[in-house]
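J.: 3D, please:
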Amino acid sequence: MTTKLWLDLETYSEVPITNGTHSYAAGAEIMLFAWALDDAPVNVWDCAAEIVVPEALAVALEDPDVEVWAHNSGFDRTVLRHAMAQECPPIPRWRDTMVQALSHGLPGALGVLCDILKVPTDLAKDKEGKQLVQLFCKPRPATSKIRRATRETHPAEWAKFVEYARLDIVAMREVHKRLPLWNYQGTELALWHLDQAINDRGVAIDMTLVHAAIAAVDAAQKDLAERTVAATDGQVSSTTKRDALMLHILESYGVDLPDLQMSTIERRLADPDLPQALKDLLAIRLQASTTSTSKYKALLKGTSTDGRLRGTLQFNGAARTGRWAGRLFQPQNLVRGTMSQPQVLAAIDSLKAGAADLVFDNVMEVISNCTRGCIIAPPGKKLVVADLSNIEGRDQAWLAGEAWKLKAFRAFDAGTGFDLYKLAYSKSFGVDPAKVTKDQRQVGKVQELALGYEGGVGAFVTFAAAYGIDLEELATKVLPVAPGWAVDEASGFFEWTEKQKRETFGLSRDAFVACDAIKRGWRNAHPEIAMHWSELKEVTAQAIDHPGTTFACRKVKIRRDGNWLRIGLPSGRALCYPSPQMVDGTITYMGMNQYTRKWSRLKTYGGKLFENICQAVARDVMTANMPLIEQAGYQIVLSVHDELITEAPDSPEFNAEHLSSLLAANPPWAPDMPLAAAGFETPRYKKD
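T.: Residues are numbered from 1 along each chain as shown. Model prediction:
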């Protein structure tokens, strides 16, 4: 049996941990080193009292056959790399109970895990421990006589701190025993090790641009505040003063706004009856509240002295699918962008010259559009980027066996078929795909994005808004050409919706009917996918009611084992749903509520399960090829959804076509899935 070394570090650094692990760790000092071998008692090495590493710990750290376990090991390993480089084990020896939990649909926080898994903890000691961490692990407040609390300044508290250091190891060992290993072994474990190397590698950042953007934000905010004062006759000092601004708008214009969120302001700006002075004031608020500019401060604080930002990815951070989640400057939610790439490059030059306000009217918008451009290639290298093309549409068709669509993807990839967004519109409305207009193609795109997971009018409305489609105008174009049966059924559904007092999303009758007719047309054109939604619901319900029995559902397998519902993916990985139950005919499970951020019972349905599966399969296609991409000399520095950003030597043999072919290679478990990828080479990251 493999020996496990459990460890947990208590550290001190002048740099706030919110700046990121790598910035924090560069100057961190290890105060206490708690450790244990297997189930043996926990030891605490007091580094402040004894500088020599305990012999048994030193042997375990050096032994290549000993697994090293920690909770959020990226922190402990990074601190060790800086503070005790010679003793830090290499990445392949590390294991992580936090990642083990995330890999099975559970949250990562140790305290929350203890509650969920019913691991006994002493709440009083835990509360006291948090107070001790505040005392010893951070600089004291500026008003304190003592800049830093130590074992010399607070000996009694230090003794308690040493005892507290044992608790996390006791907890994480018990958590590990209660967690499965299905998704944290074999290729998934190797993938996490690659993820750790990618996080250590980091991305090169244009710090000149970061500093210039922050200076421009400060100047723009000052200008916007002055314009607010002028526009409100001195009643409001800044548009960031939400309550004061809303009161001024009500008193001066008689407009009662429910809030000042972006969506609310954008809707009101479209109102032709709104006074121009109020429109100008709201436009100022919209500029001043641009949140994407805050990413520059995260880059400033988190980038290491060598100009690289590290630790931006959380492996399996998306609980249901296993996709990565973003950390620090959140690369997974970069702004879509409203400027062309030549405009962005011109904007970057103007920012660096300190002249953006002379070239552009809306400096805040400019700064938002330049965020991607902060990621650059280091000297002698280039960024080679590739993205899986319409991967969810492809794996939807493959998983459900939608034969016509699989054939259409293959024809398109071969250069003999039509664009799938045109085909989607064509299939729904009986229009020759060769005659589908640009606007109709956009409708087809929204159909594909919104309707593949059992979405209805609400989903279509959401995606239509994101792509700037006017639904009232759309209705005038759709209703005359939509199939009569679809319009009749949609009209009946609208009447039923109104009678039941259900949500109509603020749409007119025609717009609602048009959206619902589009939905019905899409489902009619995709009978296998639509059928698969109901199959997934039925088979999942069967699996919940029959523990220990495996049920096949097309290309996935569904099984309940004890307190876990597992959906086995073609890759061999499983989606995990803790504590599954059928409640009044509805599938439920325990998960983190994205609104309350609390562990609670959640509902799901066939379409949502299909969405989880499709996004997970898309992730598995990409990750299956990441080791091959690394071996080919492309160093992965970032993953954004279905896109990989790599650094490669600035020579012709490393190119986007080659990288795309590697990314779109069929994994052994999906030899017949139609895959394609496209990309570009650039010295500065951009949206292709």
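J.: so who does residue 633 touch?
T.: By Cβ atoms under 8 Å, 6 or more residues apart in numbering, the contact set of residue 633 is 648, 649, 654. From N, CA and C alone the C-beta is placed, and that goes for glycine too.
J.: that one and residue 317: what is the separation?
T.: 28 Å (Cβ to Cβ, to the nearest Å).
J.: cool, residue 419 as well?
T.: On the measure of Cβ to Cβ, residue 419 and residue 317 end up 33 Å apart.
J.: and for residue 673?
T.: Distance, residue 673 to residue 317, by Cβ to Cβ: 25 Å.
J.: ok, these two, which is more surrounded?
T.: residue 673 (21 against 17; other Cβ atoms under 10 Å).
J.: quick one: low-confidence residue ranges for the protein.
T.: For the chain, applying pLDDT under 70 flags the ranges 123-125, 291-292.
J.: which segments of it make up each domain?
T.: 4-179, 203-309+335-370, 388-392+615-682, 403-525 (automatic domain parsing).
J.: give me the neighbour count for residue 460.
T.: The number of residues near residue 460, taken as other Cβ under 10 Å, comes to 26.
J.: phi, psi of residue 500?
T.: Main-chain torsions, residue 500, degrees, to the nearest 10: phi -80, psi 0.
J.: for residue 195, see how far away it is.
T.: 47 Å.
J.: give me the more crowded residue out of the two.
T.: For the pair residue 500 and residue 195, the greater number of neighbours falls to residue 195 (22 against 8), based on other Cβ under 10 Å.
J.: the more buried one contacts residue 315, doesn't it?
T.: Yes - using Cβ atoms under 8 Å, residue 195 is in contact with residue 315, at 4.4 Å.
J.: can you check which residues contact both of the two?
T.: residue 324.
J.: CA-only coordinates of the helix or strand hosting residue 590 in PDB, if you can.
T.: Using DSSP states H and E, the element containing residue 590 is strand 586-592. Taking Å, rounded to 0.1, in the frame of the first residue of the first chain, the C-alpha atoms of strand 586-592 are listed here in PDB:
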ATOM      1  CA  THR A 586     -38.800  15.700 -10.300                       C
ATOM      2  CA  ILE A 587     -35.200  14.700 -10.200                       C
ATOM      3  CA  THR A 588     -33.400  16.400  -7.400                       C
ATOM      4  CA  TYR A 589     -29.900  16.300  -5.900                       C
ATOM      5  CA  MET A 590     -27.700  18.300  -3.400                       C
ATOM      6  CA  GLY A 591     -25.600  21.000  -4.800                       C
ATOM      7  CA  MET A 592     -24.400  24.600  -4.300                       C
END
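J.: after that strand comes which helix or strand?
T.: Following strand 586-592 toward the C-terminus (DSSP H and E): strand 599-604.
J.: identify the residues contacting that following strand?
T.: Residues contacting strand 599-604 (Cβ under 8 Å, 6+ apart): 107, 112, 115-116, 577, 579, 581, 583, 586-593.
J.: and residue 236, what is it in contact with?
T.: For residue 236, the contacting residues are 228, 229, 244, 245, 248, by Cβ under 8 Å, 6+ apart.
J.: can you tell me the closest non-neighbouring residue to the residue most central in space within the chain?
T.: A centroid search over the chain (Cα atoms, centre = their mean) returns residue 325, at 3.5 Å, as the residue closest to the centre. Spatially, and ignoring its direct neighbours in sequence, residue 325 is nearest to residue 317 (2.4 Å; Cβ to Cβ, 6 or more residues apart in numbering).
J.: for that neighbour, give its distance to residue 639.
T.: Computed as Cβ to Cβ, the residue 317 to residue 639 distance reads 11 Å.
J.: find residues that contact each of the two.
T.: Joint contacts of residue 317 and residue 639 (Cβ under 8 Å, 6+ apart) are residue 324.
J.: which of the contacts of strand 599-604 count as buried?
T.: 107, 116, 577, 587, 588, 589, 590, 591 (16 or more other Cβ atoms under 10 Å).
J.: these into JSON lines, with extra columns for distance to residue 373?
T.: Output for the buried ones among the contacts of strand 599-604, formatted as JSON lines (distance: Cβ to Cβ, whole Å):
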{"residue": "107", "distance to residue 373": "34"}
{"residue": "116", "distance to residue 373": "42"}
{"residue": "577", "distance to residue 373": "40"}
{"residue": "587", "distance to residue 373": "44"}
{"residue": "588", "distance to residue 373": "44"}
{"residue": "589", "distance to residue 373": "41"}
{"residue": "590", "distance to residue 373": "42"}
{"residue": "591", "distance to residue 373": "36"}
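J.: ok, so of those, who is nearest residue 147?
T.: residue 107 (35.4 Å; Cβ to Cβ).
J.: tabulate the domains of the chain (JSON lines), appending distance to residue 567.
T.: Shown next, in JSON lines, are the domains of the chain (distance: least, Cβ to Cβ, whole Å):
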{"stretch": "domain 4-179", "distance to residue 567": "11"}
{"stretch": "domain 203-309+335-370", "distance to residue 567": "31"}
{"stretch": "domain 388-392+615-682", "distance to residue 567": "8"}
{"stretch": "domain 403-525", "distance to residue 567": "15"}
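J.: need the helices for the stretch 451-600 of the chain, in chain order.
T.: With DSSP state H, counting those that start in this stretch, the ranges of helices along the stretch 451-600 of the chain come out as 457-466, 471-478, 484-499, 509-525, 527-545.
J.: one step back: tell me the bridge partners for the residue nearest to the centre of the chain.
T.: Beta-bridge partners recorded for residue 325 (DSSP bridges): residue 314.
J.: quick one on the thing from earlier: tell me which of the domains of the chain sits nearest to residue 542.
T.: Short answer: domain 403-525, nearest of the domains of the chain by Cβ to Cβ, at 19.1 Å.
J.: just the endpoints, please. Distance across the closest one?
T.: Terminal residues of domain 403-525 lie 11 Å apart, using Cα to Cα, to the nearest Å.
J.: what's the closest residue to residue 35 other than its chain neighbours in contact with, if anything?
T.: Distances taken as Cβ to Cβ, 6+ apart place residue 7 nearest to residue 35, at 4.6 Å, with adjacent residues excluded. With contacts defined as Cβ under 8 Å, 6+ apart, residue 7 is in contact with 33, 34, 35, 68, 69, 70, 76, 169.
J.: what of residue 138?
T.: Residue 138 neighbours (Cβ under 8 Å, 6+ apart): 12, 16.
J.: residue 623 contacts residue 191, correct?
T.: Yes - using Cβ under 8 Å, residue 623 is in contact with residue 191, at 5.4 Å.
J.: list the pairing partners of the helix or strand hosting residue 9 within its sheet, with orientation.
T.: Secondary structure assigned from DSSP H and E places residue 9 in strand 4-12. Here strand 4-12 has these sheet partners by DSSP bridges: strand 29-37 (antiparallel), strand 67-70 (parallel).
J.: only the buried residues of stretch 623-636, if you could.
T.: Buried-residue list, stretch 623-636, by 16+ other Cβ under 10 Å: 623, 624, 625, 626, 629, 630, 632, 634, 635, 636.
J.: all set, thanks.
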